[in-house]
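S.K.: Okay, sequence plus prediction incoming.
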Amino acid sequence: MKDDGVPAHVTRAARERAFSLADLPDLREFAAAEALRRDMREDAIGDFLVALNEVATNAVTHGSTKARLGIWRDGPALVVAVHDDGREWRLEGEPGHDPPPEDATSGMGLWVARMLSNDLQVTTGPRGTTVTMRFLLE
C-alpha cells in the first residue's frame with residue numbers, strides 16, 4: 001500500500017486528489033464525476049457524497065490540514081480511500097460502529113459514513129490514517 005491509501009495493484013486505475021478544508025466543495029464535485037464515470041447510479045450519488053464529505057471533513061479537521069483522496073473501481077464496487085498524516089489517533093474498538101448518543105452534536109461522521117457505505121475500514125499508524133470505504137455499484 002502506498003502512503004495515500006491506494007493499494008499498489010490499482011494505482012493505474014485510481015484517480016487521486018489532494019485537498020484541504022477549503023477544497024471540500026471541489027472534492028465533492030470531483031468525486032461525484034468519478035463515481036458516475038465508474039458506473040455509480042445517479043440515485044446513489046447523494047449518499048456517497050454525504051459519506052465522503054464526513055470522512056474528508058474529519059481528515060482535514062482532526063488529522064492534518066492536507067489530505068488525499070484516492071478513488072477506483074474494484075470489481076462490483078467503487079472504493080474511496082481518504083488519507084491524512086494524523087498519527088495521534090488511538091483506535092478504541094471499531095470506529096463508527098456504535099451510534100452517537102441521542103444528544104450528540106458532533107462525533108457522528110464515521111458512524112454516518114459506515115451506515116451509508118457497504119464497508120468502512122480505518123487504519124492508523126506512523127504513516128498517518130486512512131479511511132477506506134466501499135460502495136457496491138450493482
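M.R.: The structure has been received and is ready for your questions.
S.K.: Which of the three states applies to the most centrally placed residue in the chain?
M.R.: Geometric centre of the chain, nearest residue: Val82, 4.3 Å, by CA atoms, centre = their mean. Put simply, Val82 is strand when judged by DSSP: H, G, I helix; E, B strand; the rest coil.
S.K.: Going by residue numbers, what spans are strands in this protein?
M.R.: In the chain, the strands defined using DSSP state E lie at 15-19, 67-74, 77-84, 119-125, 128-136.
S.K.: Other residues contacting the last one?
M.R.: Looking back up the chat, that one is strand 128-136. 3-5, 35, 40, 44, 48, 51-52, 55, 58-59, 63-64, 74, 76-87, 89, 110, 113, 117-124 (CB atoms under 8 Å, 6 or more residues apart in numbering). C-beta: built from backbone N, CA, C; applies to glycine.
S.K.: likewise the third one?
M.R.: Contacting residues not belonging to strand 77-84 are listed as 3-6, 10, 31, 35, 38, 40, 48, 52, 55-56, 59-60, 63-64, 66-73, 118, 128-137 [CB under 8 Å, 6+ apart].
S.K.: returning to that earlier point: ok, which of the strands of the chain comes nearest Leu27?
M.R.: strand 15-19 (4.7 Å; CB to CB).
S.K.: orientation of the closest one relative to strand 67-74 in degrees?
M.R.: For strand 15-19 against strand 67-74, the angle by axes from the mean of the first three to the mean of the last three CA atoms, to 10 degrees is 160 degrees.
S.K.: tell me which strands and helices strand 15-19 is in contact with?
M.R.: Secondary-structure packing of strand 15-19 (3 or more CB pairs under 8 Å, 6 or more residues apart in numbering; DSSP states H and E): helix 24-37, strand 67-74.
S.K.: Output the longest one as CSV - backbone C-alpha positions only.
M.R.: Pointing back at helix 24-37 there. Presented in CSV, the C-alpha positions along helix 24-37 are these (Å, rounded to 0.1, in the frame of the first residue of the first chain):
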residue,chain,number,x,y,z
LEU,A,24,-14.1,20.3,0.0
PRO,A,25,-16.7,21.6,-2.5
ASP,A,26,-14.4,20.9,-5.4
LEU,A,27,-13.5,17.5,-3.9
ARG,A,28,-17.2,16.5,-3.8
GLU,A,29,-17.6,17.6,-7.5
PHE,A,30,-14.5,15.6,-8.5
ALA,A,31,-15.7,12.5,-6.5
ALA,A,32,-19.3,12.7,-8.0
ALA,A,33,-17.9,12.9,-11.5
GLU,A,34,-15.5,10.0,-10.9
ALA,A,35,-18.3,7.9,-9.3
LEU,A,36,-20.6,8.4,-12.3
ARG,A,37,-17.7,7.6,-14.6
